[in-house]
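Engineer: I'll drop the sequence and a predicted model, then ask my questions.
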Amino acid sequence: MPRSGPYRLAAVVLAVSAVGLAACSGGNDGRPIIGLITKTDTNPFFVTMKKGAQAQAAKDGIDLRTFAGKIDGDNESQVTAIENLMALGAKGFMITPNDSRAIVPAIDRAKEAGLAVIALDTQLDPAGAADSTFATDNFTAGKLVGEWAKAKLGDRAQDAHIAFLDLTPDQVSVDVQRDQGFMEGFGIDVGDPNRIGDENDPRISGHDVTDGAAEGGRTAMENLLQREPDINLVYAINEPAAAGAYEALKAAGKADSVVLVAVDGGCPGVQSVKDRQLGATSQQYPLKMASDGVTAISKFASTGARPSNPAGKDFTDTGVTLITDDPQSGVESEDTTFGAENCWG
Amino acid sequence: MSTQTPGEGEVLHRVELTDRTPVMRARGLVKRYGRVTALDGSDLELYPGEILAVIGDNGAGKSSLIKALSGALVPDSGEIWLDGEPVHFRTPMDARTAGIETVYQTLAVAPGLDIADNLFLGREERRPGPLGSIFRMLDHQHMRSEAQRHMGELGIATLQDIGQAVESLSGGQRQGVAVARSAAFGSKVVILDEPTAALGVKEGNRVLQLIRDVRDRGLPVILISHNMPHVFEVADRIHIQRLGRRVAVVTPASHSMSDTVAIMTGAAPPPPIE
Amino acid sequence: MTTGFEERRQESAQDRIQHVLHDRPTLGPLAVLLLAVIVFSVINTRFFNPENLSLVLQQVTVIALLALGQTLIILTAGIDLSAGAIAVFSSILMANLAFDAGFPGVLALLLGLVFGTLMGAVNGILVTRLGLPPFIVTLGTLSVFFSLNSVVSGSETVRGSDMPAIMTWTGETIPIGSFRLTYGSIIMLLLFGFFFYLLAHTAWGKHVRATGDDAEAARLAGIRTDRVLLSVYVVAGAVYGVAAWVLMGRLASADPNVGTEYNLDSITAVVLGGTSLFGGRGGVIGTLVGALIVGVFRNGLVLAGVQVVWQGFAIGLLVLLAVTIDQWIRKVRA
């Protein structure tokens, strides 16, 4: 079989088209360049973020360049994106870091070169590496659904059986903050707030991981139900995981008797709340993060005022709202009509 | 399978062969690769019931000649006749269909499959009736018993489990499987490319015996080998290839091993071809 | 008459084990599966009840189907990194054909199946016509299919309630006592039976193995190895298409963001099932066992109350063990 010939040919074709693409995307008409670097470009959360940034950029007369990691956790592509932005003479950029720590040296170089850097959704490590961070307060997001669940269960909260459907085994910050926030809101002693799994409240039936996806949510829920058939409250890291968990509960005939809460506020999630599959969810606002980010950097481009966090805070809270059609007294919430108007994805 | 009469094999060593019809004949085969000429008008005759050894130095065009005869290579010009009929092979399968079986130096056995599967590889037999025609079910039982029979005819069946994977066999045993396959399916000619090259002395001798067995069953054999003692042990005639052509045909009786090597390397002039 | 090829050699116990495993590569995985079932049953009595076992079967159904197609490809000494991408993209095509374009459910499913098959054919054509290594080809098509998937879906999930019922029918269950068998699992088991038959009892099966074992030898034996390879990728694509349907039943939706881990998970199941990554050796029954091993470990470890980090650890160790055993038994000699 002639292997080397066509293979080399294909490689040449690829290389040539890559060079061609790079050449085409040059060109600038004097508008200030701002970059947006997301974790991936497939997740609806980041798709929404991109839309928000594009809309704001069009309004402010900004040349927005968008980049993304190839997969979740792809730090390399993000470093390359930063280098490209520096080469393009960008005024600054927004980034949702795939690796909060590993990206910092590249960020530092960009700042030294005079670029403004805003972290979106996820903080850098250390948080001060970015000029500012526009993010959801994930702890509050978790806490809101925790408080709601506690009020919803009422007396039964004392002997609840709770399943936690977390993200991954790695204890990443968003996973930990939401999980621990929920516990705090529900009235569970969280022990170390930076660690999932060090609690010893008997109401915790178990933790499992979902990868934040429906399949993982379903499998995790099925397995936890086998271990603890009495589970009556489920916290899920996000709405896809909750959707999977709902299917497992339905198959086990427990969809009506178990309370299910999540965090995100994506449009399918809000619809699930409306359909009463999901009791409540905490809605976050990626669109606002991005549009605020563009505004802050374009202000820096025109006035030279670096973006910064509010005094005494290490990030700028873009807000979170509890969405439910079953409001509980003492817990502030909005209904699904509001949720649907403000949802993303 | 053969048109040969009993006892002919014995006579072959002595009688003149020119008045007989060759099973296979090639005239003026030419094959060029760019500026390199692999075959420069090569001829060949193979007579019924003989072992014809093909020898030559590296680059003499042995492999190209064999490939042309077995369909693995299409010559630029020249003609091949099989049983007097001109043939034009485009693929190895064409040659096979015409009754020419080749055992390649690389053996061409699938190590993970068992002996029976290997014997029938590429020409599996299906069960009779709807099981075979609709469900495409293979007739394992028949193929195994046939495989057992073929191996038995060559005297290499008694010990082997026919369902044993070929990779668990020794080199000589694998060669046995490959030769058995060619003998089982070759109706006109069996071509063996360096069958003893990778084997030790003992196993080499067993394979030589196998080759004689194949001939004695009436199938003419073309044997390509570097190993002169082996060639002189089994060959009825020796075709000497040099610089892309046949320069001489000798017999173990007419020439000594050293004379033969001298002709092969060009150190001695070739005798005229009869 | 015999030419006396026989050679007798003393066999140690180790040699005998090696031979047995070599002849029946499914035995090792089966032993692991049985052992795991016994251990987990002892640790938590809830493990070995019909309801839980039926859940394990449901949980492995999609991966088992992907691993089925993957097995065929690995048997030819190839690998398919795009298995999950083809299945997820097919499910998105099925769902959007029904939901956006308003096609009848059955037609949407059939068209999705055709697309899955075509994606397999693309892999096959690149591998056979251009002679590119399967690893590179499927690495490329993995990205291509996932990107198209994002474009077509707009990264939006189609909910089961918005689709015709037939699209999620594979998630419906038939109760057998407290054992809940889904139609998806039945389809999966039937396909395994079908491919077991094809591999063991048809010429195609022999040719697939021979091609993976030694492609050059197979070609010289008269097998059209290019055709065999192409057929394998096409058939695998069709199997992934079926997996797409089963996936929608399992999730009661079509989600474009699942499946990034399916590609490697399917390879894990194949390797655990004793199929050699070097081709030619192994089979689909082993793969089913391999998929069950993953499901049993995951479920059993949760029931045993083991922290989730150790699930990945345990599966990783099993994979290494499986590959080591494969290397060892491949060295078998008479």
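Structural biologist: Happy to help now that I have it. No experiment lies behind these values; they were computed from the predicted model shown.
Engineer: Quick check: residue B:29 touching residue B:74?
Structural biologist: No: the criterion here is C-beta atoms under 8 Å, and residue B:29 misses it with residue B:74 at 10.4 Å. Glycine gets a C-beta too; all of them are placed from N, C-alpha and C.
Engineer: Now list whatever residues contact both of these two.
Structural biologist: Jointly contacting residue B:29 and residue B:74 under the rule C-beta atoms under 8 Å, 6 or more residues apart in numbering or on different chains are residue B:68.
Engineer: If you count surrounding residues, which of those two has more?
Structural biologist: Using other C-beta atoms under 10 Å in any protein chain shown as the criterion, residue B:29 and residue B:74 rank with residue B:29 on top: 27 against 13.
Engineer: Can you give me the buried ones in the helix or strand harbouring the more buried one?
Structural biologist: Element membership for residue B:29 (DSSP states H and E) is strand B:24-33. Buried positions in strand B:24-33, judged by neighbour count with 16 or more other C-beta atoms under 10 Å in any protein chain shown: B:24, B:25, B:26, B:29, B:30, B:31.
Engineer: Throw these into CSV and include pLDDT and distance to chain C, thanks.
Structural biologist: Output for the buried residues of strand B:24-33, formatted as CSV (pLDDT from 0 to 100; distance: C-beta to the nearest C-beta, whole Å):
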residue, pLDDT, distance to chain C
B:24, 94, 20
B:25, 94, 24
B:26, 94, 21
B:29, 94, 21
B:30, 95, 24
B:31, 93, 19
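Engineer: do stretch C:45-61 and chain A meet?
Structural biologist: Yes: remark: stretch C:45-61 sits within contact range of chain A at C:46, C:47, C:51, C:52, C:55, C:58, C:59, by C-beta under 8 Å from any C-beta of the partner chain.
Engineer: Please list only the buried members of those residues.
Structural biologist: So, of the residues of stretch C:45-61 next to chain A, C:47, C:51, C:52, C:55, C:58, C:59 end up buried under the neighbour-count rule (16+ other C-beta under 10 Å).
Engineer: just checking, the fourth one touches residue A:220?
Structural biologist: No: under the contact definition of C-beta under 8 Å, residue C:55 does not touch residue A:220, with a separation of 11.5 Å.
Engineer: residues in contact with residue B:39?
Structural biologist: B:29, B:30, B:31, B:61, B:64, B:65, B:68, B:75, B:78, B:244, B:245.
Engineer: try 6 Å this time
Structural biologist: Residues near residue B:39 by C-beta atoms under 6 Å, 6 or more residues apart in numbering or on different chains: B:29, B:30, B:31, B:61, B:64, B:244.
Engineer: got JSON lines for the buried ones among the residues of stretch C:45-61 next to chain A, with pLDDT and secondary structure too?
Structural biologist: As requested, these are arranged in JSON lines below (pLDDT from 0 to 100; DSSP: H, G, I helix; E, B strand; the rest coil):
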{"residue": "C:47", "pLDDT": "91", "secondary structure": "coil"}
{"residue": "C:51", "pLDDT": "88", "secondary structure": "helix"}
{"residue": "C:52", "pLDDT": "91", "secondary structure": "helix"}
{"residue": "C:55", "pLDDT": "89", "secondary structure": "helix"}
{"residue": "C:58", "pLDDT": "92", "secondary structure": "helix"}
{"residue": "C:59", "pLDDT": "91", "secondary structure": "helix"}
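Engineer: mind listing the strands for chain A?
Structural biologist: For chain A, the strands defined by DSSP state E occupy A:33-38, A:63-68, A:92-95, A:116-120, A:132-135, A:162-166, A:204-209, A:233-236, A:259-264, A:280-284, A:316-317, A:320-323.
Engineer: among those, which is nearest residue C:72?
Structural biologist: strand A:204-209 (31.1 Å; C-beta to C-beta).
Engineer: Check which helices and strands the closest one sits against.
Structural biologist: strand A:162-166, helix A:214-227 (3 or more C-beta pairs under 6 Å, 6 or more residues apart in numbering or on different chains; DSSP states H and E).
Engineer: Not counting its own residues, what contacts it?
Structural biologist: So strand A:204-209 is contacted by A:161-164, A:166, A:168-169, A:197, A:220, A:224, A:228, A:231, C:302, C:308 (C-beta under 6 Å, 6+ apart).
Engineer: Then stretch C:236-247?
Structural biologist: In contact with stretch C:236-247 (C-beta under 6 Å, 6+ apart) are residues C:61-62, C:65-66, C:68-69, C:72-73, C:83, C:86-87, C:90-91, C:109, C:112-113, C:116-117, C:119-120, C:170, C:184.
Engineer: Strands - which of those residues land there?
Structural biologist: Short answer: the contacts of stretch C:236-247 have none in strands (DSSP E).
Engineer: Just the buried residues out of those residues, in PyMOL syntax.
Structural biologist: In PyMOL, a selection of the buried entries from the contacts of stretch C:236-247 looks like this (16+ other C-beta under 10 Å):
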select buried, chain C and resi 61+62+65+66+68+69+72+73+83+86+87+90+91+109+112+113+116+117+119+120+170+184
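Engineer: Write out the residues of the stretch 101-250 of chain C neighbouring chain B.
Structural biologist: C:201, C:202, C:203, C:206, C:210, C:213, C:214, C:217, C:220, C:221, C:222, C:223 (C-beta under 6 Å from any C-beta of the partner chain).
Engineer: where's the first one relative to residue B:127, distance?
Structural biologist: I take that to be residue C:201. Residue C:201 sits 9 Å away from residue B:127, going by C-beta to C-beta, to the nearest Å.
Engineer: shared neighbours, those two?
Structural biologist: With C-beta under 6 Å, 6+ apart, residue C:201 and residue B:127 have common neighbours residue B:137.
Engineer: which residues in the stretch 51-200 of chain B form helices?
Structural biologist: Applying DSSP state H, counting those that start in this stretch to the stretch 51-200 of chain B gives helices spanning B:62-70, B:92-97, B:115-119, B:130-133, B:140-153, B:171-185.
Engineer: ok and the last one relative to helix B:140-153, angle-wise?
Structural biologist: Between the direction of helix B:171-185 and that of helix B:140-153, the angle (axes from the mean of the first three to the mean of the last three C-alpha atoms, to 10 degrees) works out to 110 degrees.
Engineer: Just the residues contacting helix B:171-185, thanks.
Structural biologist: With C-beta under 6 Å, 6+ apart as the criterion, helix B:171-185 contacts B:101, B:103, B:107, B:109, B:115, B:118-119, B:150-151, B:154, B:156, B:166, B:190, B:195, B:198-199, B:203, B:206-207, B:210, B:214, C:5.
Engineer: Just give the nearest non-adjacent residue to residue C:180, would you?
Structural biologist: Of all residues not flanking residue C:180 in the chain, residue C:173 sits nearest, at 4.2 Å (C-beta to C-beta, 6 or more residues apart in numbering or on different chains).
Engineer: bridging residues for that neighbour?
Structural biologist: residue C:182 (DSSP bridges).
Engineer: count of residues packed around it?
Structural biologist: Residues near residue C:173, counting by other C-beta under 10 Å: 16.
Engineer: Please apply the same query to the one 3 residues further on.
Structural biologist: Number of residues near residue C:176 (other C-beta under 10 Å) recorded here: 10.
Engineer: Over to the one 3 residues further on?
Structural biologist: The local packing count at residue C:179 equals 16, with neighbours defined by other C-beta under 10 Å.
Engineer: count of residues packed around the residue nearest to it when sequence neighbours are not counted?
Structural biologist: Using C-beta to C-beta, 6+ apart and skipping residues adjacent in sequence, the residue nearest residue C:179 is residue C:50, 3.8 Å away. The number of residues packed near residue C:50 is 13, by other C-beta under 10 Å.
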